[in-house]
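> this is a predicted model, with the sequence first.
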Amino acid sequence: MVDLTVKIGGEAGFGIQTCGLFIGKIAARSGYHAFEYSEYPSLIRGGHNVIEVRISDDKVYSQEKKTDVLICLNEETFKLHQDEIKEGGAVIFDQDKVDIREAKTANKNISYLRLPFAKILKDASLSLVMMNNIALGALMHILGADFEVLKGLISENFARKGEEVINKNIQAANLGYTYAKKNYPLGYKIKIPKKPETPEKLYISGNEMVGLAAIASGCKLYCAYPMTPASTLLHYLASKSEESGMVVKHAEDEISVINMAIGASWAGVRAMVGTSGGGFALMVEGVSLAGITETPIVILMGQRPGPATGMPTWTEQGDLLFILHAGHGEFPKIVLAPGDMEEAFKLTLEAFNLADIYQTPVFLLTDKYILEGHQSIEESKIKSEKLKINRGKLLTQEELIKIADYKRYQDTDDGVSPRAIPGMKNSLHQANSYEHLEDGHTTEDARQRCLQVEKRNRKVKTFLAKDAKLPTFYGKKEAPITVISWGSMKAPILQAMKSGGEKFNYLHFSYLFPLPEKELTKLIHSLKSILLVENNSTAQLGQLLRMVTGVEIENKLLKYSGRPIYPEEVLEKVDQLL
Amino acid sequence: MNFEGYFPTWCPGCGNFGIWAGVKSAFKNLGITADNVAVIFGIGCSGNMNDFLWGNSFHALHGRAVPVAVGVKIANHKLPVVAIVGDGDCYGEGGNHLIHAARGNHDITTVVHDNRVYGLTTGQVAPTALQGFKSKSTPSGIIEIPLNPIALAIVSGATFVAQGFAGDINHLTGLIEEAIVHKGFSLVNIFQPCVTFNPITTYDWYNKRVYKLSDKNHDTHDLKSALEKSMEFGEKIPIGVIYQEDRPTYTESLPQLQKGVLVDADLNIDIDTFATEFV
């Protein structure tokens, strides 16, 4: 049974991210599952970057606290992370650069694999930036992985840069591989040889997965202003725009971003915006505008620790209540929070459909942890996902032409009015940010005002009856404790369940709002003992659940250091409660 | 399909009537029908035209008509898109959007009602208020100098910049028509007397000062002389087309839109080819 973590650290600019991506892809291509978590400061050069990849035979849900193999591209990595090495683990380092004389880990039976990165490169007249290739090559040997897989990855990665660059990188990797094989023939105790015939897996980040799903959803305009952790979604979609036909617009500010998207959506195009807390704060009036004009829009919100600029490159779930309350006035909105890559794909498709069906803002509430982290997922899980595009009550030209007196805000039983788009024959209407009559003209009439308020509110009822979903239950029914959490925290909780499955089960919220009051209250009351787990300091889901069900959850595991919750922390808390 | 809406609620004598007439005549002259246009209104007395000019329209938030208009144009670049906004709307609250829409040469027409006051909120100063103008928010007179919309639009990259006067509807109609026909970002700033809150810049005040550039030998394609004209303000004030330039529009520059309009694009995209790179 393979379950190991490889951690690589060094200065920003030394290809740490690429290294992490390669390790994960090597694992996935060799038939294993992988999960990546990275930590880096808000800097471009210098500073400490570290990335860890956990590799397993079966599904791996999250990172772990301890590391099997620590690769140190600088001395700082060793100093900062030596305590995390497992009993019997290994360190790969350059003895000319890293001083291990004062190592605190002597009693843990650690293998010190000395690898003179700099000297090897110098002797072969190769650039020092190829240090990561030496490390990767050596890692291939000590983990008994197939070197051809690494060669393939290097060739693909540098395909645009030409044969010479590819060959030099492969040469460096080969030097690392050969050196490790000669000096440490046994390698590490856990090996990841290439498995024969395993289902194809994608190794993909949350941002890329949301992007892929947006393309699949027929999203035609993505509008954003760069902001960590949502920026790589902008980069991904921009790089694919010519192939996908999507227009990707980096606008002047987030206010413009959301208004452009609303304009495009009114004109009939599926549109999405993406940002983080500070950028979303600027979009808030636009959310309200989409609410009253009943314009579909998908908003990807990538949380990071606030307030204000906060800690840009770290993670938190601190904006749930902000999202629920964002936008002046009363109007419906839908909030979805994916917990892993499969949910990121499905819920993105769902978000576009729900936005069209209910003609209102739909949120994908995510965070740095899931957006920037990579996970492996069987390709079939995406391909089999034949969720149909549903544009709700968007009228076709044939339907519209038959309507004698078209009214954009017609009062209906489900609260949703037929939608025409400008340019169609017989489409004449006004989308109005003022309160309006059924035909769109501005009104301050009391009766008409109430009619429209009630019509918009009715959409919540319709959603609750037709499309809302209760939280998903994981684990054994008879377990004494039920852990409750939402979004990305599914990862450490399900990972903890792998070893603590007798102790707790898990109630996972990915449909966060609106919540079905009666069913949920009944469900919460049926639970024996509850532990609330959230990556914030004020238990925001707990507050929401109290609001909806009246139940106050007393046992909480809250973390707000900018770091995600670890499975070990979940187990520790569960054990305290048992 | 004749853009007939409610009868306006503007004060009798308001400059908005002239602009309303100018926009309607321009649409009519160009053969634009009420369901084949997108008119994006801002918020203010100008934006209240939404109910008096009944065509396909989006009544946006204060300051945000321009980005909504840009979004509409990206979605359907064959549709004429006109933003009807005020001076506070477009030069104050939404100033940033104006600059960037001009840079991008988005093919929209921005019609600005410039009355130098905030009418709908009872007469506070607008960004174009003349220095020293006394209002409820500036009882001792405004300290700031007025913003120069024409010069700002030109240096920001607008490819059609004109100055109109609500007191000369025929001339104004022509300018709006030219602006709509123009491929690229066009701004028509319109001097609009506010009979209730602005006792200084009245019809009379403008009538004494404005002269038509078309009567003079002004080269609209010459950037330097356009900037010179944009600075002319005092005893003589030019109206007409100040600047014009041919530059590819934003949507013309997008390869995705060369086959057709975005709103007609096929939504069903096979993602297999996109997924391959992640294997």
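Yep, that arrived.
> count the residues that sit near residue 113.
This is for chain A. Residue A:113 has 22 neighbours, counted by other CB atoms under 10 Å in any protein chain shown. The C-beta positions use only the backbone N, C-alpha and C, and glycine is treated the same way.
> not quite, go with chain B.
Around residue B:113 there are 31 residues (other CB under 10 Å).
> what is it paired to in the beta sheet?
Beta-bridge partners of residue B:113, counted by DSSP bridges, are residue B:86, residue B:190.
> residue of the stretch 51-200 of chain B nearest chain A, please.
The nearest approach of the stretch 51-200 of chain B to chain A comes at residue B:71, 2.7 Å away (CB to the nearest CB).
> residue A:222: what secondary structure?
Per DSSP: H, G, I helix; E, B strand; the rest coil, the secondary structure class of residue A:222 is strand.
> please report how far it lies from residue A:261.
For residue A:222, the distance to residue A:261 equals 8 Å [CB to CB, to the nearest Å].
> hey, what's in contact with both of these two?
A:271-273 (CB atoms under 8 Å, 6 or more residues apart in numbering or on different chains).
> restrict the residues you listed to those near chain B?
Among the shared contacts of residue A:222 and residue A:261, proximity to chain B is found for residue A:271 (CB under 8 Å from any CB of the partner chain).
> pipe the shared contacts of residue A:222 and residue A:261 into TSV and attach pLDDT and neighbour count per row.
Formatted as TSV, those follow (pLDDT from 0 to 100; neighbours: other CB atoms under 10 Å in any protein chain shown):
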residue	pLDDT	neighbour count
A:271	98	33
A:272	98	29
A:273	98	29
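> tell me the one among the shared contacts of residue A:222 and residue A:261 nearest to residue A:63.
Among those, residue A:272 lies closest to residue A:63 (CB to CB), at 28.7 Å.
> how close does that closest one get to residue A:352?
Residue A:272 is 8 Å from residue A:352, by CB to CB.
> same check on residue A:419?
Applying CB to CB to residue A:419 and residue A:352 gives a distance of 15 Å.
> thinking again about what came up before, closest one of the shared contacts of residue A:222 and residue A:261 to chain B?
The closest of the shared contacts of residue A:222 and residue A:261 to chain B turns out to be residue A:271 (CB to the nearest CB; 7.5 Å).
> and that closest one, what is it in contact with?
With the criterion set at CB under 8 Å, 6+ apart, residue A:271 makes contact with A:219-223, A:261-262, A:264-265, A:296-298, B:71.
> which of these lies closest to residue A:147?
Distances from residue A:147 to the contacts of residue A:271, taken by CB to CB, are shortest for residue A:222, at 38.9 Å.
> for residue A:275, what are phi and psi?
For residue A:275, the backbone dihedrals (degrees, to the nearest 10) come out as phi -170, psi -170.
> for chain B, which segments count as helices?
Secondary structure of chain B (DSSP state H): helices at B:16-29, B:65-75, B:87, B:95-103, B:149-156, B:169-181, B:203-209, B:223-230, B:272-275.
> my read: residue A:150 touches residue A:173, true?
Yes: using CB atoms under 8 Å, residue A:150 is in contact with residue A:173, at 5.8 Å.
> anything in contact with each of those two?
What both residue A:150 and residue A:173 touch, as defined by CB under 8 Å, 6+ apart, is the set A:136-137, A:140.
> can you lay out the residues you listed as JSON lines showing pLDDT?
Listed next are the shared contacts of residue A:150 and residue A:173 as JSON lines, based on pLDDT from 0 to 100:
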{"residue": "A:136", "pLDDT": "96"}
{"residue": "A:137", "pLDDT": "97"}
{"residue": "A:140", "pLDDT": "97"}
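> tell me the contacts of the residue of the stretch 51-200 of chain B closest to chain A?
So residue B:71 contacts A:221, A:223, A:259-267, A:271 (CB under 8 Å, 6+ apart).
> show me what the lengthiest strand in chain B is in contact with.
In chain B, assigned by DSSP state E, the strand with the most residues is strand B:237-244. Residues from elsewhere that reach strand B:237-244 (CB under 8 Å, 6+ apart): B:150, B:153-154, B:158-165, B:168, B:171, B:175, B:178, B:182, B:191, B:206, B:209-214, B:216, B:218, B:220-221, B:223, B:226, B:229-230, B:232.
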